[in-house]
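J.: one predicted model, sequence on top.
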Amino acid sequence: MSLVNYPSREINCKVVYYGPGLGGKTTNLRSVYTSVPSTRRGNLISLATEGDRTLFFDFLPVDVGNIGGFRVKFHLYTVPGQIYYRPNRKLVLRGADGVVFVADSQRERFEAGKESLRDLYVNLVENEIDAERIPLVFQYNKRDMPSAMSMQELEEAFNPLHFPSYEAVASQGVGVPDTLKTICKLVARTIQ
Amino acid sequence: MAGKNWALFEEDFWALNDVLYALVESSYSKSAMLIDRDGHLIANVGEAPSFDTDSFASLSAADLAASKALASMLGEKDFRNQAHQGKDCGIYQCCVNDKVMLVLLFDRRSTLGLVRLRAEKGARELAEIFTRVYGKLSRSEGELESVGVGADFAAQADQQIDRLFGDFPNP
């Protein structure tokens, strides 16, 4: 839920990057971190295992600036993608204003992506978030990999309702800004 | 909207701040923060922190959420408070209600016992104010737009977002 703080003229929104393990969620945030001027973002916090796998979440606050007299901030989170961190994903998803689903385009990761999408919908419902109304953007990452499935196949499998979607190679920053811009705009439209 | 936004207005903000100021003074804490369960900082009084308050709020909310999840595994509704103490400073966190938590930062000028004692009283006073806030919001559904977030907010947001993220270097 966005917090509109009138006395301090601030609006805070929460965007969660969701998807299967090793799909590129943390890489998206790292790309944003290195691309946005340091005056407009905070530190990238990563609660990760020794093997650099996300344990709880990554967090990056981005200050979009003054909009209509309010200082608007987007708090970007990732969830841990590995199956057995489901309780952690549910906690991180709580209060989300928008979701980016980062799918791995590689054919061998297709089933993991489908499982993660099912998990997303279950966790939205359990967090009492309206799954049909929350702003959602799909990102098909790792488009440069040899086993990448076609966009048509991916869209049919993941995005039959035609939410906005982007191709990406997050490790090179490709598709990262477009994804972020779209989810932020969609979330901004939900603020009353 | 996917979920309901919530808002804090002038009168309630200052009422909350008054309680926080009194709490900092009576507990000899460095600062007091109100953080919502989604990790947003609502108010912060006392010494200006030298760290990124957004990150601090996010981690505090996650910390309490994790402890609540652990409580649930043990059959408890929740753990109402928790403390972390280092060599020179400490953090005390407690629930104000289901949506908001109170965090006090303290150092050697105070003790955990005193902070806990004052925080419990302060949390009750804060909870009463939030009950008023939620009451107002439930009565004024649909009125938020007239209070400040205008109809052209989305259009301005589009421009601002394009301006910031449009400056991403080309890959």
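T.: Nice, thanks for sending it over. Numbering: from 1, shown residues only, chains lettered A, B, ... in the order given.

J.: tell me how far the residue nearest the centre of chain B lies from B:Arg139.
T.: With distances taken as C-alpha atoms, centre = their mean, B:Ile35 lies nearest the centre of chain B, 1.2 Å away. According to C-beta to C-beta, to the nearest Å, B:Ile35 and B:Arg139 sit 25 Å apart. Yep, even glycine has a C-beta here, placed from its N, CA and C like the rest.

J.: for B:Pro49, same thing?
T.: 35 Å.

J.: neighbour-wise, which of those two wins?
T.: Neighbours per residue (other C-beta atoms under 10 Å in any protein chain shown) separate B:Pro49 from B:Arg139, with B:Pro49 holding more: 13 against 8.

J.: isn't the more buried one right next to B:Phe56, touching?
T.: Yes - the pair B:Pro49 / B:Phe56 is scored as a contact, 7.0 Å apart, by C-beta atoms under 8 Å.

J.: for the residue nearest to A:Asn141 when sequence neighbours are not counted, what are its contacts?
T.: What sits nearest to A:Asn141 in space, not counting adjacent residues and going by C-beta to C-beta, 6 or more residues apart in numbering or on different chains, is A:Gly24, at 4.0 Å. Neighbouring residues of A:Gly24 by C-beta atoms under 8 Å, 6 or more residues apart in numbering or on different chains: A:102, A:104, A:139, A:141-142, A:168, A:170-171.

J.: CSV for the residues you listed, including pLDDT, neighbour count and secondary structure?
T.: What follows is these, written out as CSV (pLDDT from 0 to 100; neighbours: other C-beta atoms under 10 Å in any protein chain shown; DSSP: H, G, I helix; E, B strand; the rest coil):
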residue, pLDDT, neighbour count, secondary structure
A:Val102, 98, 29, strand
A:Asp104, 98, 25, strand
A:Gln139, 98, 29, strand
A:Asn141, 98, 30, strand
A:Lys142, 98, 22, coil
A:Ala168, 98, 28, coil
A:Ala170, 97, 25, helix
A:Ser171, 96, 16, helix
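
J.: now, which of these sits nearest B:Ser29?
T.: Nearest to B:Ser29 out of the contacts of A:Gly24 is A:Val102 (C-beta to C-beta; 40.7 Å).

J.: is that closest one in a bridge, and if so with what?
T.: Per DSSP bridges, the residues bridged to A:Val102 are A:Gln139.

J.: quick one: contacts for it?
T.: So A:Val102 contacts A:17-19, A:23-25, A:28, A:139, A:141, A:168, A:170 (C-beta under 8 Å, 6+ apart).

J.: same question, A:Gly175
T.: A:139, A:141, A:143, A:166-169.

J.: which residue packs closest to it, ignoring adjacent ones?
T.: Per C-beta to C-beta, 6+ apart, closest to A:Gly175 is A:Ala168, 2.8 Å.

J.: what of A:Val169?
T.: A:Asp144 (4.8 Å).

J.: which of the three states applies to that neighbour?
T.: coil (DSSP: H, G, I helix; E, B strand; the rest coil).

J.: just to revisit the earlier point, how far away is the residue nearest to A:Asn141 from A:Ser31?
T.: A:Gly24 is 9 Å from A:Ser31, by C-beta to C-beta.

J.: now do the shared contacts for these two.
T.: Common neighbours of A:Gly24 and A:Ser31 (C-beta under 8 Å, 6+ apart) are A:Ala170.

J.: who are the packing partners of the lengthiest strand in chain A?
T.: Looking across chain A with DSSP state E, the single longest strand is strand A:54-67. If you count contacts as 3 or more C-beta pairs under 8 Å, 6 or more residues apart in numbering or on different chains; DSSP states H and E, strand A:54-67 packs onto helix A:25-35, strand A:45-48, strand A:70-78, helix A:86-93, helix B:53-73, helix B:153-165.

J.: and the helices in chain B?
T.: B:10-27, B:53-73, B:112-139, B:144-147, B:153-165 (DSSP state H).

J.: right, I'll leave it there.
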